[in-house]
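Asks: Here is my input, please return the structure:
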Amino acid sequence: MIKKRGIAILGSTGSIGTQALEVIEAYPERFDLQVITAGKNADLLIKQALKFKPNMVVLGDESQLKAVKEALWKEDIHVYGGEEALCQVVQSTNVDLVLTALVGYAGLKPTIAAIEARKDIALANKETLVVAGQLIMNLARTYNVNIYPVDSEHSAIFQCLPGEGGNAIEKIYLTASGGPFRGYSLEQLATVTKAQALKHPNWSMGAKITIDSASMMNKGLEVIEAHWLFNLKASQIDVIVHPQSIVHSLVQFKDGSIKAQLGLPDMKLPIQYALTYPERLPTEFPRFDFAQYPQLTFEKPDFGTFTNLKLSFQALEKGGNIPCALNAANEVAVQAFIEDKISFLQIAEINGLTMERVSFVANPDLTSLVETNSMARRFAEEAISF
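Replies: As a prediction, this is how the structure comes out:
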């Protein structure tokens, strides 16, 4: 008899979280949902809790906590609120694996808490490694914790590695759809709207990641994440634009051979692989049909126009606390764009200015990273107010 795996989903009301629940629902004999959490979406969190009956529920926004407790008081479900509760519930003895699907910097502390409690991590929160890659990977080694990538690109790299033993990676290629503004000039980008930026051609994602995809920052963050996940130099990581989003990434080995992972753009596949690794469970997902895609095309990204991608490589090369500063600035700038306070091109401008202003720390500890995050956010907000 197969032992059920106890699952905690941090960010169950977001795009990744809701799809993860679909995967769990399809295999009730495999998974035991222990924890679901949300930031502010109390209504959906209540619906999920009533349907899936987890052991614990956490709502980050404590102002809505009373409503959640009232809705669930008849159920055998423990309800908690606040950031500290996130760090506590992931340490439950009934949790085996934590899916971190929170958006942005908010995922850092709960991920650290889960690793220190020796829980395996299914990582959908790329910002955790962008902000504190060295710290997280060192902790994972110290506590003998596995980190399974959920991003489609990193999952693709991960899926290409079994069977290679000690064969060294020469290079990886992270594919990018190019987003809704592929081929645009700087002049065209100067007038794009929020509505346009939120229309991704291939993927259905939350607002923050969709805007990041439009600005190519999402791919830049993935470059930094790949550096830590696969222990690669910046020179070993390349980005290639692939508009069809069928080839999810590629690995080139020292003999020149290249492996790629292909499939239709559906996040449930990498989510399921992370939750069930090393097994591949059967699915009813739509299958890729080569006849429907007679051409798969590839092109170089435009670093001159999409400067967020260039900034990400610069942050990776400089290292230390600079990726943390870049991430913080970008979170502030993207929110400002969503709130119609700045233009699309100003996102990258604010990111670059913040990177220049933040004091460099070569080997930051958690305290330094928290300080860098706060400082960078303040600098970004000041740039927005000018």
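Asks: thinking residue 197 is in contact with residue 211, fair?
Replies: Yes: under the criterion of C-beta atoms under 8 Å, residue 197 makes contact with residue 211 at 5.3 Å. Where C-beta positions appear, they are placed from N, C-alpha and C, glycine not excepted.
Asks: Find residues that contact each of those two.
Replies: Counting by C-beta atoms under 8 Å, 6 or more residues apart in numbering, the shared contacts of residue 197 and residue 211 are residue 337.
Asks: Name the spans of the protein whose pLDDT lies under the cut-off.
Replies: Along the chain, segments meeting pLDDT under 70 span 1, 200-205.
Asks: same thing but 50
Replies: Within the chain, no stretch has pLDDT under 50.
Asks: Kindly list the longest helix within it.
Replies: As assigned by DSSP state H, the longest helix anywhere in the chain is helix 366-385.
Asks: what's the domain layout of the protein?
Replies: With domains defined by automatic domain parsing, the chain comprises 5-149, 151-266+287-316, 319-386.
Asks: Report the contact partners of the closest residue to residue 322 other than its chain neighbours.
Replies: Sequence neighbours aside, residue 315 is the residue nearest to residue 322 in space, at 4.6 Å (criterion: C-beta to C-beta, 6 or more residues apart in numbering). For residue 315, the contacting residues are 220, 224, 322-323, 325-326, 355, by C-beta under 8 Å, 6+ apart.
Asks: So which of those wins on neighbours?
Replies: Among the contacts of residue 315, residue 220 has the most neighbours (other C-beta atoms under 10 Å), with 32 neighbours.
Asks: Confirm it sits in a helix?
Replies: Yes: Residue 220: assigned to a helix according to DSSP: H, G, I helix; E, B strand; the rest coil.
Asks: ok, it touching residue 308?
Replies: Yes: contact criterion C-beta under 8 Å: residue 220 and residue 308 qualify, at 5.4 Å.
Asks: Three-state assignment for the residue of the chain positioned farthest from its centre, please.
Replies: Most distant from the centre of the chain: residue 74, at 34.6 Å, with distances by C-alpha atoms, centre = their mean. Classification of residue 74 by three-state DSSP places it in coil.
Asks: could you give the angle of the helix or strand containing residue 129 to helix 366-385?
Replies: Assigned by DSSP states H and E, residue 129 belongs to helix 127-142. In terms of direction (axes from the mean of the first three to the mean of the last three C-alpha atoms, to 10 degrees), helix 127-142 departs from helix 366-385 by 180 degrees.
Asks: Could you check how far helix 127-142 is from the centre of its chain?
Replies: Distance of helix 127-142 from its chain centroid, counting by C-alpha atoms, centre = their mean, to the nearest Å, is 14 Å.
Asks: What lies in contact with it?
Replies: Under C-beta under 8 Å, 6+ apart, the answer for helix 127-142 is 100, 103-105, 107-108, 111-112, 115-116, 121, 123, 145-147, 221, 224-225, 227-229, 323-324, 326-328, 331, 363-366, 369, 373.
Asks: Following the chain past it, name the next helix or strand.
Replies: Using DSSP H and E, the first helix or strand after helix 127-142 is strand 147-149.
Asks: partner strands of that following strand, parallel or antiparallel?
Replies: Strand pairing for strand 147-149, using DSSP bridges, gives strand 120-123 (parallel).
Asks: Need the residues that contact the strand it pairs with.
Replies: For strand 120-123, the external contacting residues (C-beta under 8 Å, 6+ apart) are 96-100, 111, 114-115, 129, 140, 145-151, 271, 274-275.
Asks: And that strand, how far out from the chain middle?
Replies: Averaged C-alpha coordinates place strand 120-123 at 11 Å from its chain's average position (C-alpha atoms, centre = their mean).
Asks: What are the buried residues along stretch 257-264?
Replies: Buried residues in stretch 257-264, counted by 16 or more other C-beta atoms under 10 Å: 259-261, 263-264.
Asks: do stretch 241-253 as well
Replies: Buried-residue list, stretch 241-253, by 16+ other C-beta under 10 Å: 241-252.
Asks: can you pull out the strands in the stretch 201-350 of the chain?
Replies: Taking DSSP state E, counting those that start in this stretch as the test, the strands found in the stretch 201-350 of the chain are 237-241, 247-253, 258-262.
Asks: Kindly state which of those strands is positioned closest to residue 70.
Replies: Residue 70 lies closest to strand 247-253 among the strands of the stretch 201-350 of the chain, at 43.2 Å (C-beta to C-beta).
Asks: isn't residue 234 right up against residue 317?
Replies: Yes: between residue 234 and residue 317 there is a contact under C-beta under 8 Å: 5.4 Å.
Asks: Dump stretch 74-90 to CSV, restricted to CA.
Replies: Extracted C-alpha coordinates of stretch 74-90, given in CSV (Å, rounded to 0.1, in the frame of the first residue of the first chain):
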residue,chain,number,x,y,z
LYS,A,74,-18.3,23.6,12.3
GLU,A,75,-15.5,21.8,10.4
ASP,A,76,-12.6,20.0,12.0
ILE,A,77,-10.1,22.6,10.5
HIS,A,78,-7.7,24.7,12.5
VAL,A,79,-7.7,28.3,11.3
TYR,A,80,-4.8,30.7,11.8
GLY,A,81,-3.7,34.2,10.6
GLY,A,82,-0.6,36.2,9.8
GLU,A,83,2.9,35.6,8.5
GLU,A,84,4.2,33.8,11.5
ALA,A,85,1.5,31.2,11.2
LEU,A,86,2.7,30.4,7.7
CYS,A,87,6.1,29.5,9.2
GLN,A,88,4.6,27.4,11.9
VAL,A,89,2.1,25.2,9.9
VAL,A,90,4.7,24.1,7.4
